[in-house]
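**Student:** coordinates only, sequence not included:
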C-alpha cells in the first residue's frame, strides 16, 4: 500500500478511513410535515361540505346526506392515512436520533502533569481542516 505524504497525519500514521456517516433525520421530519399537512387536508375535506350547506342556507338534509357521504368517507381515509404517516415520521425521527446519539465519539478526560484536565476524543486530537 502506498502512502502519500499529503495524507500523513500529525502522528505520522495514514488516516484510518472516513468516519461512519451519521444517519439523517430529514426523512422522518418530512414524514411528520406530510402527516400534519395531510391531516389538515383530511379535516378540510370533512368540513367543507357542511360549511357550503350552511352558507347556502340549508335545505333538504336527506339530499345533502347522500351528497356528503362520499366526502365523509374520503376525508376519513385521508385523515387516517395522514395520522399513520405522522406516527411513522415520529417513530423514524426518534429511532434515527437515538442512533446519531450513539455514534458520538466518547470523550476522555486527560490530566497532564501539573495542569488542568481537558477533553480529548479517542484517537488523538482532531485533524485540522483544510
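**Tutor:** Structure's in. What do you need? Worth saying up front: this structure is predicted, and the values here are computed from it rather than measured. Residues are numbered from 1 along each chain as shown.
**Student:** now do residue 63, the pLDDT please.
**Tutor:** Residue 63 carries a pLDDT value of 80.
**Student:** now swap in residue 37 and tell me
**Tutor:** pLDDT, residue 37: 96.
**Student:** excluding its backbone neighbours, what's nearest it?
**Tutor:** With C-beta to C-beta, 6 or more residues apart in numbering as the criterion, residue 37 has its nearest non-adjacent residue at 7.7 Å, and that residue is residue 82. The C-beta positions use only the backbone N, C-alpha and C, and glycine is treated the same way.
**Student:** you'd agree residue 67 is in a helix?
**Tutor:** Yes. Residue assignment for residue 67, taken from DSSP: H, G, I helix; E, B strand; the rest coil, places it within a helix.
**Student:** neighbours around the closest residue to it other than its chain neighbours, how many?
**Tutor:** Distances taken as C-beta to C-beta, 6+ apart place residue 49 nearest to residue 67, at 7.1 Å, with adjacent residues excluded. Taking other C-beta atoms under 10 Å as the criterion, the count of residues near residue 49 is 18.
**Student:** repeat that for residue 59.
**Tutor:** Counted with other C-beta under 10 Å, residues neighbouring residue 59 total 9.
**Student:** any low-confidence regions in this protein?
**Tutor:** Low-confidence regions of the chain, defined by pLDDT under 70, span residues 1-20, 103-130.
**Student:** run the last query once more with 80
**Tutor:** By pLDDT under 80, the weakly predicted segments of the chain are 1-23, 58-60, 100-130.
**Student:** and the residue nearest to residue 37, what is it in contact with?
**Tutor:** If a contact means C-beta atoms under 8 Å, 6 or more residues apart in numbering, then residue 82 has 34-39, 41-42 as its contacts.
**Student:** can we see that at 7 Å?
**Tutor:** Applying C-beta atoms under 7 Å, 6 or more residues apart in numbering, we find residue 82 in contact with 35, 38-39, 42.
**Student:** which parts of this protein are helices?
**Tutor:** Taking DSSP state H as the test, the helices found in the chain are 26-55, 61-102.
**Student:** for the first one, list every residue counted as buried.
**Tutor:** Neighbour-count burial for helix 26-55, counted by 16 or more other C-beta atoms under 10 Å, picks out 28, 31-32, 35, 38-39, 42, 45-46, 49, 53.
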